[in-house]
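Novice: starting from these lines, generate the structure:
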Amino acid sequence: EKFAPLPELLLMDGGQEHARVAEQVLAECGLDVPVLGMVKDDRHRTRALVTARGQELGIRQAPALFALIGTVQEEVHRFAIAYHHQRHAKSAKRSQLDNVPGIGEARKMRLLQHFGTVAAVTVALTLYVPVLIGRAIDLIVGPGQVDMPGILRLILRIAIVVAATAAVQWVVNTINNKITFQVVRDVRAQAFAKLQILPLSYIDSHPTGEIVSRVIADVDQFADGLLLGFTQLFTGVVTILGTLGFMISIRPGIALVVVLLTPLSFVVARFIATHTYSYFRQQSETRGEQTAFIDEMIGNQKVVKAFGHEQQNVERFDEINERLEKCSLQAIFYSSLTNPCTRFVNNVVYAGMALAGALVCVACGGAGFTVGSLSALLSYANQYTKPFNEISGVVTELQNALACASRIFQLIAEPPQAPDAPDARVLKDAQGQVEMKDVSFSYVPDRKLIEALNLSVKPGQHVAIVGPTGCGKTTLINLLMRFYDVNGG
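Specialist: Just a heads-up that it's a prediction; the model follows:
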C-alpha cells in the first residue's frame, strides 16, 4: 500500500531464499512484481542475481541492472563515509569519556550512581567497627569489672557489620568490573571502527605493530588504571572524609593535629606524580616502537635474510630495548618511591595523634575522653592514613593509564577519510584518458616531493614513469588511486 505506483522490480539483499519469501508474500497480497535476490562475493559486491526458482543472471545478461546496483552501492558507501565524518565532528566536542559508545548516557550514569552509593555504604560500615571496638574496651574497667554480656553483644554486632561489609564490597567490585570492561570493550570497538574509515595516508605512515600496541597493550594498561581508579581512588577519598568526620565528632582538638600534618602527603604525592607521567608516556611510546619493529622484521624475514640484514636488525632491536629498559626503570623507580614516602608521613601523623590523645586522656582522667575513645581515634588514624598510601599508589598507576589512554584516544580522534563533495561527479564510461594539471603533493609539509606536475596520457598510450628511488613514482600511482589527496592542482 505504501508503493504508488508499484515498483517494476524488487531486489532482495539476501540471495534466492529472500527472493523466494518476498515473491510468496507479494503473491499473497495479489501483487505482480518480479523479485531478484543479490548474491554477494567475499567483498560484499554483487556477483550475480538470482530468481526465486534459482535461475542466475550475470552481468552479461543484465548489464544495465548491474550498473544501477553499482551506482546505488557507491552512493551507500559515500553516505557511510559522510555519516562517520559528521559523527566524528560532533563527538569531537564531547569529553573523552562521553565519546565512548556502547554504554548509553543514562545507563552509564546509573552504574556510576550505584557504584558511588554502594561504595559509600562500604566505607560507612567499615568506619562503624572502631566505634563498637571502643565501646567494648570501655566495658573492661578493671579486674573483676568486665561486662561480658555487653562485650558479647558488641562482638555479635561487629560480626554482622563485617559480614555486611564483605557482601557490599563484593557488589562494589562487581559494578567496578562491569563499568571498566564495558568501557574498554567500547574503546576497542571505537578504535576498530575508526580504523575502517581512516585514510590510507594514516595507515601508510604508522607501522602496523605500533597501531596494534595502541589497541591491545595501551588499552590493557588503561583498563588496569580504571580498575584501580574506580575502587581505591573513590573509596579512598570517601574514607578520608568519613574518618575525619568521626574524629572531629570524638575530639576536635586531636583531629586538628591530623589536619595540620595531612598536606605533607599531598606534597610528596604531587612531586612523585609529576615525574612518573613523563616516564610512563615515554615507556608506552618506546614499547609501541619496539612492537612495530618486531612486527615488521618477522613479517619480512625472507627479505631480511635475502639481504643479510640480521646483525643490523639485532643491533637496532638492542638499541630500542635499551631505551625501553632505561625509561621503564626510571618510571618504576619514581613510582616505587610513593609507598615508603607516604608511609613515613602517615606514621608521623599516627605518632602525633597518639601522643596528643594520650596526653588528653591522662589530663582528663577518663572523664569525657576514655581509653576506648583513644583506641577508636588511633584506629581512625590508621584508616585515615591508609587511603593516602593507596591513592598515592593509584596515582602512579593512573599516570601510566593516562599516558596509554592519550595514545588510544589520539587514534580515535584522528580525522576520518574525507567524504566526496556533494556535487562530485561519478566516473562513467571511462575511456582511459588521464590528465594532471599543476599537481603538487608532499607527505611532510616541509619536504617538497611533487610540485606543479603536468601529465596527459591519451587512451591507448603506454607511458613509462622512471627515476631514482624517492622521486615519486609510487606516489604518483597512489595519487591516481586516490590513496592520498593532492595538496594542489
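Novice: now the helices for the stretch 201-350 of the chain?
Specialist: Along the stretch 201-350 of the chain, counting by DSSP state H, counting those that start in this stretch, helices occupy 208-213, 219-228, 234-250, 252-261, 263-299, 301-306, 310-336, 338-364.
Novice: packing partners of the second one?
Specialist: Contact partners of helix 219-228 among helices and strands, from 3 or more C-beta pairs under 8 Å, 6 or more residues apart in numbering; DSSP states H and E: helix 148-197, helix 371-412. Using the backbone N, CA and C atoms, a C-beta is placed for each residue, glycine as well.
Novice: flag the shaky bits of the stretch 1-150 of the chain, pLDDT-wise.
Specialist: 1-4, 41-45, 59-60, 74, 77-78, 80-116, 141-144 (pLDDT under 70).
Novice: surely residue 379 meets residue 130?
Specialist: Yes. The criterion here is C-beta atoms under 8 Å, and residue 379 meets it with residue 130 at 3.9 Å.
Novice: out of the two, which sits in the more crowded spot?
Specialist: residue 130 (22 against 18; other C-beta atoms under 10 Å).
Novice: pull the contacting residues for residue 129.
Specialist: Neighbouring residues of residue 129 by C-beta atoms under 8 Å, 6 or more residues apart in numbering: 158, 161, 162, 165.
Novice: closest one to residue 360 out of those, please.
Specialist: Top of the list for closeness to residue 360, among these and by C-beta to C-beta, is residue 158 at 25.9 Å.
Novice: now that closest one, nearest residue through space, not along the chain?
Specialist: residue 132 (5.1 Å; C-beta to C-beta, 6 or more residues apart in numbering).
Novice: so what pLDDT did the closest residue in space to residue 453 that isn't next to it in sequence get?
Specialist: Closest residue to residue 453 apart from its sequence neighbours, by C-beta to C-beta, 6+ apart: residue 439 at 4.4 Å. If you check residue 439, the pLDDT there is 92.
Novice: same check on residue 347?
Specialist: On the pLDDT scale, residue 347 gets 80.
Novice: distance of it relative to residue 341?
Specialist: Noted for residue 347: a distance of 11 Å to residue 341, by C-beta to C-beta, to the nearest Å.
Novice: same thing with residue 68?
Specialist: 72 Å.
Novice: those two: which is more packed in?
Specialist: Between residue 68 and residue 341, counted using other C-beta under 10 Å, the more crowded position is residue 341 (19 against 13).
Novice: before we move on, the earlier item: winner for burial among the helices of the stretch 201-350 of the chain?
Specialist: Among these, ranked by average contacts under mean count of other C-beta atoms under 10 Å, first place goes to helix 219-228 (a mean of 20).
Novice: may I have that one as PDB, with CA atoms only?
Specialist: Below are the C-alpha coordinates for helix 219-228, written out as PDB (Å, rounded to 0.1, in the frame of the first residue of the first chain):
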ATOM      1  CA  VAL A 219      44.100  -0.300  26.300                       C
ATOM      2  CA  ASP A 220      45.000  -3.100  28.700                       C
ATOM      3  CA  GLN A 221      47.000  -0.600  30.800                       C
ATOM      4  CA  PHE A 222      44.100   1.800  30.600                       C
ATOM      5  CA  ALA A 223      41.800  -0.900  31.900                       C
ATOM      6  CA  ASP A 224      44.200  -1.600  34.900                       C
ATOM      7  CA  GLY A 225      44.100   2.100  35.700                       C
ATOM      8  CA  LEU A 226      40.300   2.300  35.600                       C
ATOM      9  CA  LEU A 227      40.000  -0.800  37.900                       C
ATOM     10  CA  LEU A 228      42.200   0.800  40.500                       C
END
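Novice: contact partners for the residue most central in space within the chain?
Specialist: Nearest residue to the geometric centre of the chain (C-alpha atoms, centre = their mean): residue 187, 4.2 Å. Neighbour list for residue 187: 100, 219, 222, 408, 412 [criterion: C-beta under 8 Å, 6+ apart].
Novice: any stretches of the stretch 151-300 of the chain with poor pLDDT?
Specialist: In the stretch 151-300 of the chain (pLDDT under 70), the answer is 229-231, 269, 273-274.
Novice: re earlier: now render the contacts of residue 129 as TSV, adding neighbour count and distance to residue 201.
Specialist: Below are the contacts of residue 129 laid out as TSV (neighbours: other C-beta atoms under 10 Å; distance: C-beta to C-beta, whole Å):
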residue	neighbour count	distance to residue 201
158	17	65
161	17	61
162	13	60
165	18	56
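Novice: now, which of those residues sits nearest residue 40?
Specialist: residue 165 (57.7 Å).
Novice: check the gap between that closest one and residue 198 for me.
Specialist: For residue 165, the distance to residue 198 equals 48 Å [C-beta to C-beta].
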